[in-house]
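**Student:** My questions concern the predicted model and sequence given below.
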Amino acid sequence: MKLIYSLCFAFLSFGIHAQVASAPVKVTVKGFNGKPYANDKVLFVGQKSKQTLSGVSNQAGQFVIQLPSGDVYDIRIQSIADEIEYNTLEIPAVKPGEFFQEAELVIEYDPGSTFSFTNLQFETAKADLKAVSYKHLKNLVEIMKRKKELKIRIEGHTDSDGEESANQLLSQKRAESVKNYLISQGIEAGRILAKGFGESNPIADNATAQGKAKNRRTEISIL
């Protein structure tokens, strides 16, 4: 998971009233420039309960979520690739006669614009996407369905084994294979570009097996 190190502001208020077992938390999701992020999904995973609760931000970048008390929650942000680990939030247990007023949580982060997938699997020397890869594209499909304005470019990359022209063609076909899968999941074709780069953009040394594995990748770029 990608880690984000940033300040997380949580303000919890208490009053005297009938006991309530959960706390209402108003979440604001925005960039470091103050721009709100709409249709972002934030997950709260209880360290004790292991329960996962989530909310999706509106056009103002906000939503309200009820978090059961007496737990510490790991805050994660759904991303195109791995989830982003943001911070933690503790909701203390309440005593009889106490209740939670609405708390405020401000999340500021940079979602990124390029995402690398080294876990997509294709048939050997072919462009056919294996079914085991579908789970790794789940977040991308879900995000594109929520964010209707989002357009992407799928970029295929290979290692340097084989002929350069063959690698170029293979990377193009593999990028198109990922595109076709997204279309099959209901994403409009006009929102997706597919381009193969062959072996031209390595990110590691092709002299080692580990380097070759890193170079065989699919990248998603936000347009």
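**Tutor:** Good, I have the coordinates.

**Student:** Might you list the low-confidence residue ranges for the protein?
**Tutor:** The model of the chain has pLDDT under 70 over residues 1-20.

**Student:** which residue ranges form the helices in it?
**Tutor:** 138-146, 164-184, 209-215 (DSSP state H).

**Student:** Need the ones you listed in a markdown table (columns: mean neighbour count and distance to Lys50).
**Tutor:** C-beta coordinates here come from the backbone N, C-alpha and C atoms, glycine included. As requested, the helices of the chain are arranged in a markdown table below (neighbours: other C-beta atoms under 10 Å; distance: least, C-beta to C-beta, whole Å):
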| stretch | mean neighbour count | distance to Lys50 |
| --- | --- | --- |
| helix 138-146 | 17 | 20 |
| helix 164-184 | 18 | 31 |
| helix 209-215 | 14 | 33 |
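
**Student:** From Glu149, how far out is the residue nearest the centre of the chain?
**Tutor:** Compute the mean C-alpha point of the chain, and by C-alpha atoms, centre = their mean the closest residue is Ser79, 1.0 Å away. In this view, Ser79 and Glu149 are 17 Å apart by C-beta to C-beta, to the nearest Å.

**Student:** again, but for Ala213
**Tutor:** Using C-beta to C-beta, we find Ala213 at a distance of 34 Å from Glu149.

**Student:** Count the neighbours of the nearest residue to Tyr86 once chain neighbours are set aside for me.
**Tutor:** In space, and not counting its chain neighbours, Tyr86 is closest to Ile75: 4.3 Å by C-beta to C-beta, 6 or more residues apart in numbering. Applying other C-beta atoms under 10 Å, we find 20 other residues in the vicinity of Ile75.

**Student:** What residues are recorded as beta-bridge partners of Ile75?
**Tutor:** Phe44, Asn87 (DSSP bridges).

**Student:** I figured Ile222 hits Glu149, correct?
**Tutor:** No: using C-beta atoms under 8 Å, Ile222 is not in contact with Glu149; the gap is 10.7 Å.

**Student:** and these two? which has more neighbours close in?
**Tutor:** Ile222 (14 against 8).

**Student:** so what's that one up against?
**Tutor:** Going by C-beta atoms under 8 Å, 6 or more residues apart in numbering, Ile222 touches 113-114, 150-152.

**Student:** mind checking how far it is from Asp82?
**Tutor:** Distance, Ile222 to Asp82, by C-beta to C-beta: 16 Å.
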